[in-house]
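S.K.: Quick one, fold the following:
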Amino acid sequence: MHAPEPAVAVRPAEAPVALSPSRAGDFMTCPLMYRLKVIDRIPEPPSAAATRGTVVHAVLERLFDAPAGARTPEAARALLRPQWERLLEQRPELADLFPVQKSSPVQQGSPVQNDDGPAGLDGEELARWLGDAERLLDGYFRLEDPNRLEPAERELYVETELDSGLRLRGYIDRVDVAPTGEIRVVDYKTGRAPSRDFEGKAMFQMKFYALVLWRLRGVVPRRLQLVYLGGGGQLVSYDPTPDDLLAVERKLLALWAAVQRALASGEWPANPNRLCDWCSFKALCPAFGGTPPPYPLKVAAAADGGDE
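M.R.: This next block holds a predicted model:
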């Protein structure tokens, strides 16, 4: 089944000026997808799974506002609905994830605005979605005891510039610092732990963060930890070395050089792969009979080396 055609871009096109882990992953997966996201800036329709991940991340961030001893599964569940409502207020379009079906009239005595959600939302669908989020949060407590943790940073924005001029940036879910100064970088994943074919992609993101922290603080993080909440839950850890992070830096420099060549030529080829069925831009992809919009940048200007 083809993905719905993305909405028209609402922001002006621009050349990229930095790399984040997600955008680096996009380019490695499919240059055309990277172009449509980063340069054309075509908005993607929201998905229930991604939105659930955003809300669960927000709950886990705010759970540590409570003192040790009060960070319980019940406390996490109590945060869930307020975080969803906060996100919905910021992004009203998320209401489209749970539309009331015209073919399912509201029952007598059960108004559309009920205990399950704001007016205009299908309360039953929203309740199921929140129930899935609760199960993810319950799974977190089987993997870690937050009452024994005192994170140094939560949802930490990091940015650094390499000697080459390449800027790297991103958000780290959690940074733990031991009394001895050792750093652990933690990332929450609301899916299940991937197969070996995809495990390297997730760890590449963590090594990216480790590289940025190394350049910022002069210390290689002691441990990188992925916390998978889906599929029964699993912790995946890796202890990086300076050589690991130097290899990541070389890979990022090569990737950025490829981005610059594509900017100069205007050529962003599609790369059909196993993730295409989940791509928001499938309707615009030549590999599936679609046509991308005209390239929005002046190729000559990009070739001159302008970043903006």
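
S.K.: drop to CA atoms for contacts and neighbour counts, all remaining ones
M.R.: Fine.

S.K.: Go through the protein and flag its longest helix.
M.R.: helix 242-265 (DSSP state H).

S.K.: Now that one: buried residues?
M.R.: Residues of helix 242-265 classed as buried: 245, 248-249, 252-253, 255-256, 259-260, 262-264 (neighbour count, 16 or more other CA atoms under 10 Å).

S.K.: Output that helix as PDB, restricted to C-alpha atoms.
M.R.: Written as PDB, here are the backbone C-alpha positions of helix 242-265 (Å, rounded to 0.1, in the frame of the first residue of the first chain):
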ATOM      1  CA  PRO A 242      38.900   6.600  21.200                       C
ATOM      2  CA  ASP A 243      39.600   4.600  18.100                       C
ATOM      3  CA  ASP A 244      35.800   3.800  17.700                       C
ATOM      4  CA  LEU A 245      35.000   7.500  17.900                       C
ATOM      5  CA  LEU A 246      37.700   8.500  15.500                       C
ATOM      6  CA  ALA A 247      36.300   6.000  13.000                       C
ATOM      7  CA  VAL A 248      32.800   7.600  13.500                       C
ATOM      8  CA  GLU A 249      34.300  11.000  12.900                       C
ATOM      9  CA  ARG A 250      35.900   9.900   9.600                       C
ATOM     10  CA  LYS A 251      32.600   8.300   8.500                       C
ATOM     11  CA  LEU A 252      30.800  11.600   9.300                       C
ATOM     12  CA  LEU A 253      33.300  13.600   7.300                       C
ATOM     13  CA  ALA A 254      32.900  11.300   4.300                       C
ATOM     14  CA  LEU A 255      29.100  11.500   4.600                       C
ATOM     15  CA  TRP A 256      29.200  15.300   4.800                       C
ATOM     16  CA  ALA A 257      31.400  15.400   1.800                       C
ATOM     17  CA  ALA A 258      28.800  13.300  -0.100                       C
ATOM     18  CA  VAL A 259      26.100  15.700   1.000                       C
ATOM     19  CA  GLN A 260      28.100  18.600  -0.300                       C
ATOM     20  CA  ARG A 261      28.600  16.900  -3.700                       C
ATOM     21  CA  ALA A 262      24.800  16.300  -3.900                       C
ATOM     22  CA  LEU A 263      24.200  19.900  -3.100                       C
ATOM     23  CA  ALA A 264      26.500  21.000  -5.900                       C
ATOM     24  CA  SER A 265      25.000  18.600  -8.400                       C
END
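
S.K.: Now the closest residue to residue 230 other than its chain neighbours: phi and psi?
M.R.: Leaving out its chain neighbours, the residue that sits closest to residue 230 by CA to CA, 6 or more residues apart in numbering is residue 192, at 4.2 Å. Main-chain dihedrals, residue 192, degrees, to the nearest 10: phi -90, psi 160.

S.K.: thinking residue 192 is in contact with residue 233, fair?
M.R.: Yes: here residue 192 reaches residue 233: they are 6.8 Å apart, a contact under CA atoms under 8 Å.

S.K.: more crowded one of the two?
M.R.: residue 233 (20 against 14; other CA atoms under 10 Å).

S.K.: Next up, the contacts around the more buried one.
M.R.: 139-140, 142-143, 192-193, 227 (CA atoms under 8 Å, 6 or more residues apart in numbering).
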